[in-house]
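Q: what's the 3D shape of this:
(2 chains)
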Number of protein chains: 2
Amino acid sequence: MLPTSLIKEIARAEKVSGKFLLSGIRSGKITVSFNPSARKPAVFRPLAIGEGLRVKVNANIGTSSDSTSLEREMDKLSVAVAAGADAVMDLSTGGNLDRIRRAILSASEVSVGTVPIYQAICETVRRGHAPEKMPAELIFDVIEKQAADGVDFMTIHSGVTMAGSAMAIKRRLTGIVSRGGSFLAGWMMKNARENPLYENYDRVLGILKKYDVTISLGDGLRPGSLADANDAAQISELNILGKLVAAARKKGVSVMVEGPGHMPLDQIIPHIKQAKKIILGAPYYVLGPLVTDIAAGYDHITGAIGGAVAAWAGADFLCYVTPTEHLGLPDERAVKEGVMASRIAAHAADIARGLKNARAIDDELSNRRKALDWKGQKKRALDPSKFDDAARLTPRLASSKNAVCSMCGDYCAMKQT
Amino acid sequence: MLPTSLIKEIARAEKVSGKFLLSGIRSGKITVSFNPSARKPAVFRPLAIGEGLRVKVNANIGTSSDSTSLEREMDKLSVAVAAGADAVMDLSTGGNLDRIRRAILSASEVSVGTVPIYQAICETVRRGHAPEKMPAELIFDVIEKQAADGVDFMTIHSGVTMAGSAMAIKRRLTGIVSRGGSFLAGWMMKNARENPLYENYDRVLGILKKYDVTISLGDGLRPGSLADANDAAQISELNILGKLVAAARKKGVSVMVEGPGHMPLDQIIPHIKQAKKIILGAPYYVLGPLVTDIAAGYDHITGAIGGAVAAWAGADFLCYVTPTEHLGLPDERAVKEGVMASRIAAHAADIARGLKNARAIDDELSNRRKALDWKGQKKRALDPSKFDDAARLTPRLASSKNAVCSMCGDYCAMKQT
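A: Okay, the predicted model is just below:
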């Protein structure tokens, strides 16, 4: 149960009534990710997503086997939160995973998510075994350990089945691109056993319920290319996820669902509308979608295009994509770029969805723009630091009132009329 | 008349038949911007836009009163063309305007556009007069001079009228944000005279016809903020532009129409569909649209979101927006970022519009991605240089076959299945 003070705080931040918020939570159309197990920092803004609320943005951070520094990840956490991320996920697979996760949890002002299967694989490999030797028991132990640590939401790939993953592997251009999904597919094939997270879904729910963890049903079979979008594997998994949503709600576990991935622009709106029906109106958490496969180095932009359209159509939560997606682990700069691009998409969608007062900040900034009031614009800008950059290039912007920028110089349209 | 060899070349590049192309040109749904007056460089790809063709991208370059270096603009031209711009516009308002334009014209491998009113204002001011003292005759002289120089398409604000600009000035949050539009509005008010480009539209057409220049009907009253989108001033100008399209076609002048600007995401598709009807199916050339006003520093992203949706809905030509829009004149880096963002939007729209073979390159790249073939991906990427950046950070990507990147490292999903 969420503390009443928290409900009030969220309602105030979202500019909705407490009654609306509670009714959304009760129906499952709104989720609040807040695990009270661990001490949270003094300032903590739990992730609230769903119909009628502002579209939120997640930033993935975490080490890989190539880059294991805790310090670096703490820097990325700071950058992500400063840039306005509403949640972070620790996807670490390198270094001391418990230590990294606990450090992030105790420092993060926003909800923290994880993908417990990553730690289960890493621990198996570190014990000198092949990944498919992972004992099924280990994954439940990891889920419980991470829940006890205070993780607020967890990606659990319970929808990846033997049948679904076989379809994805056989018929697709890019097979399985989800790390958790591909690991589970390999595990199932090599052990000739069904996914333990699917078979023992009730056990998963039991642990999450005990610690008040939100389940984020992973889309292990999400399309990794335009060619694979909305194919049989993706839709069969989505249908399973719909059933898992119902089961989670029955158990009283807060649930959201993850979505693609790569998808042609014209397929996004119908997909989101269909998906929201199948998952019974649960919050939908999409990665992108990326509207082309060829833009490595600019995938924050392809993701912002897809994300804006997806959120306009009903997606509630955008996982950022950074410029280095498909190229390497993001650095601090890529983290900031990724958060900013997703925030633009989310805000554009809030306005398009008709969220009350969403456009007020745009109107205020434009009013200041018309007045050539640079300080007033900076105050309302998504990234005020960009106005400092501009003033460094054109010093009069900082020093004088009603100055024109170097774009039009003396021929500024705003100044002429 | 376009040379037959050019028609064949364009048809081949666009993967359409010569018959389709000619029929599109005859109906006015396709325009080819090619002014044969000046010597063009050996490699020259004229701008062909419209229904059934690939969506194209324009890059604005040119000096301002703050930054007058010809060299700098030639560098920007190189960067824009190397990044894949399909056209450039020289919007110079600083330095020796004739010299800059001629240098760009003789070097540019792609069609070059201008906004002649800029030069007319600059020359008036340099003669020591207030802008409103511009003699109407001067603007026609400038149009003819630039046409004789070989400019391929020109933005002409013939749709800005006394009535329309009064509406925009009185009722809007951000008034008139087009430089040409705001100048003409000021000129009309102060001289109590109608816009000479509207009153003497036939004379404009006569000059453009003589030199085979495409007219790009400027939207001097485009919205400069979300609040002003699709308002009475914008739509009244659009209705006038529809009539001016008909008149241009009657005279045998190649014509396209310019569009917004700033526009909420949910208004873009209906706007484009309405506009394309009003302008009788002429190619529609949009600036953005920007889906939020608050993202200065990231307006290439807000523009890519709006541009992708606009082009999907039927816009044919995207004017890039750079990260420095609303902050200052773009440098070379901003030019490249702007072109790339617009190319992503255009390509996403080509796929969504169902343009034949548009997705082939995505499928090819994804096939190489699945094979962990970095060289193969680089070859097909929108910006191959990004793969060199990645290889500098993770040298095994350049040196070994089937290497994994630092994102997932040992836990690469592509490698696992």
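
Q: which residues in the stretch 201-350 of chain A form strands?
A: Taking DSSP state E, counting those that start in this stretch, the strands of the stretch 201-350 of chain A run over residues A:214-217, A:255-259, A:284-287, A:317-319.

Q: Just the mean pLDDT for the second one, thanks.
A: Over the span of strand A:255-259, the pLDDT mean works out to 98.

Q: quick one: is it near chain B?
A: No - counting by C-beta under 8 Å from any C-beta of the partner chain, chain B is not contacted by strand A:255-259; separation bottoms out at 14.6 Å. For every residue, glycine as well, the C-beta is placed using N, CA and C.

Q: Name the residues of the stretch 101-250 of chain A found near chain B, please.
A: Neighbours of chain B within the stretch 101-250 of chain A, by C-beta under 8 Å from any C-beta: A:118, A:121-122, A:125, A:131, A:169, A:173-179, A:181-183, A:185-186, A:224-227.

Q: OK, now which residue of the stretch 51-200 of chain A is nearest to chain B?
A: A:Ser65 (3.4 Å; C-beta to the nearest C-beta).

Q: residues touching the residue nearest to that residue when sequence neighbours are not counted, list them.
A: Excluding the flanking residues, the one nearest A:Ser65 by C-beta to C-beta, 6 or more residues apart in numbering or on different chains is B:Gly409, at 3.4 Å. Applying C-beta atoms under 8 Å, 6 or more residues apart in numbering or on different chains to B:Gly409 gives the contacts A:Ser64, A:Ser65, A:Asp66, A:Thr93, A:Gly94.

Q: Could you do A:Val81 as well?
A: By C-beta under 8 Å, 6+ apart, A:Val81 lies in contact with A:Val88, A:Ser108, A:Glu109, A:Val110.

Q: Just the buried ones from the residues of the stretch 101-250 of chain A next to chain B?
A: A:118, A:121-122, A:125, A:131, A:169, A:173-179, A:181-183, A:185-186, A:224-227 (16 or more other C-beta atoms under 10 Å in any protein chain shown).

Q: Kindly format the C-alpha coordinates of the helix or strand harbouring A:Met414 as CSV.
A: Using DSSP states H and E, the element containing A:Met414 is helix A:413-416. Output of helix A:413-416 as CSV, limited to C-alpha atoms (Å, rounded to 0.1, in the frame of the first residue of the first chain):
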residue,chain,number,x,y,z
ALA,A,413,11.6,39.1,-37.6
MET,A,414,10.7,39.3,-33.9
LYS,A,415,12.3,42.8,-33.7
GLN,A,416,10.8,44.1,-37.0
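
Q: hmm, back to that, count the residues that sit near the residue of the stretch 51-200 of chain A closest to chain B.
A: Burial of A:Ser65 is recorded as 18 neighbouring residues (other C-beta atoms under 10 Å in any protein chain shown).

Q: my guess is it meets B:Met407, correct?
A: No - between A:Ser65 and B:Met407 there is no contact under C-beta atoms under 8 Å: 10.4 Å.

Q: So for the lengthiest helix in chain A, mean pLDDT?
A: As assigned by DSSP state H, the longest helix anywhere in chain A is helix A:332-353. Mean pLDDT, helix A:332-353: 98.

Q: Flag every buried residue along it.
A: Of all the residues in helix A:332-353, those buried under the rule 16+ other C-beta under 10 Å are A:332, A:334-353.

Q: try stretch A:131-148
A: By neighbour count with 16+ other C-beta under 10 Å, stretch A:131-148 contains the buried residues A:Pro131, A:Met134, A:Leu138, A:Ile139, A:Phe140, A:Val142, A:Ile143, A:Glu144, A:Lys145, A:Gln146, A:Ala147.

Q: Over to stretch A:266-279?
A: Buried, per 16+ other C-beta under 10 Å, within stretch A:266-279: A:Asp266, A:Gln267, A:Ile268, A:His271, A:Ile272, A:Ala275, A:Lys276, A:Ile278, A:Ile279.

Q: Are there helices or strands packed against the one helix or strand in chain A whose mean pLDDT sits lowest, and which ones?
A: Using mean pLDDT, DSSP states H and E, helix A:413-416 stands out as the lowest-scoring helix or strand of chain A, at a mean of 81. Helices and strands touching helix A:413-416, by 3 or more C-beta pairs under 8 Å, 6 or more residues apart in numbering or on different chains; DSSP states H and E, are helix B:179-191.

Q: Could you list the low-pLDDT ranges of chain A?
A: In the predicted model, chain A carries pLDDT under 70 at residues A:417.

Q: What's opposite the spatially most central residue of it in the beta bridge?
A: Chain A has A:Cys319 as the residue nearest its centroid, 2.8 Å off, counting by C-alpha atoms, centre = their mean. Beta-bridge partners for A:Cys319, by DSSP bridges, are A:Asn58, A:Leu287.

Q: Test my guess that it contacts A:Asn60.
A: Yes - counting by C-beta under 8 Å, A:Cys319 does reach A:Asn60; the two are 6.7 Å apart.

Q: can you list residues touching both of those two?
A: With C-beta under 8 Å, 6+ apart, A:Cys319 and A:Asn60 have common neighbours A:Met89.

Q: Format the CA atom coordinates belonging to stretch A:162-177 as PDB.
A: Presented in PDB, the C-alpha positions along stretch A:162-177 are these (Å, rounded to 0.1, in the frame of the first residue of the first chain):
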ATOM      1  CA  MET A 162       9.500 -22.100 -26.100                       C
ATOM      2  CA  ALA A 163       6.900 -21.700 -28.900                       C
ATOM      3  CA  GLY A 164       7.300 -17.900 -29.200                       C
ATOM      4  CA  SER A 165      11.100 -17.900 -29.200                       C
ATOM      5  CA  ALA A 166      11.200 -20.700 -31.800                       C
ATOM      6  CA  MET A 167       9.100 -18.500 -34.000                       C
ATOM      7  CA  ALA A 168      11.400 -15.600 -33.500                       C
ATOM      8  CA  ILE A 169      14.500 -17.500 -34.200                       C
ATOM      9  CA  LYS A 170      13.300 -19.300 -37.300                       C
ATOM     10  CA  ARG A 171      11.300 -16.700 -39.100                       C
ATOM     11  CA  ARG A 172      13.000 -13.400 -38.400                       C
ATOM     12  CA  LEU A 173      15.600 -11.100 -40.000                       C
ATOM     13  CA  THR A 174      17.200 -10.200 -36.600                       C
ATOM     14  CA  GLY A 175      15.900 -13.000 -34.300                       C
ATOM     15  CA  ILE A 176      15.900 -12.100 -30.700                       C
ATOM     16  CA  VAL A 177      17.500  -8.800 -29.700                       C
END
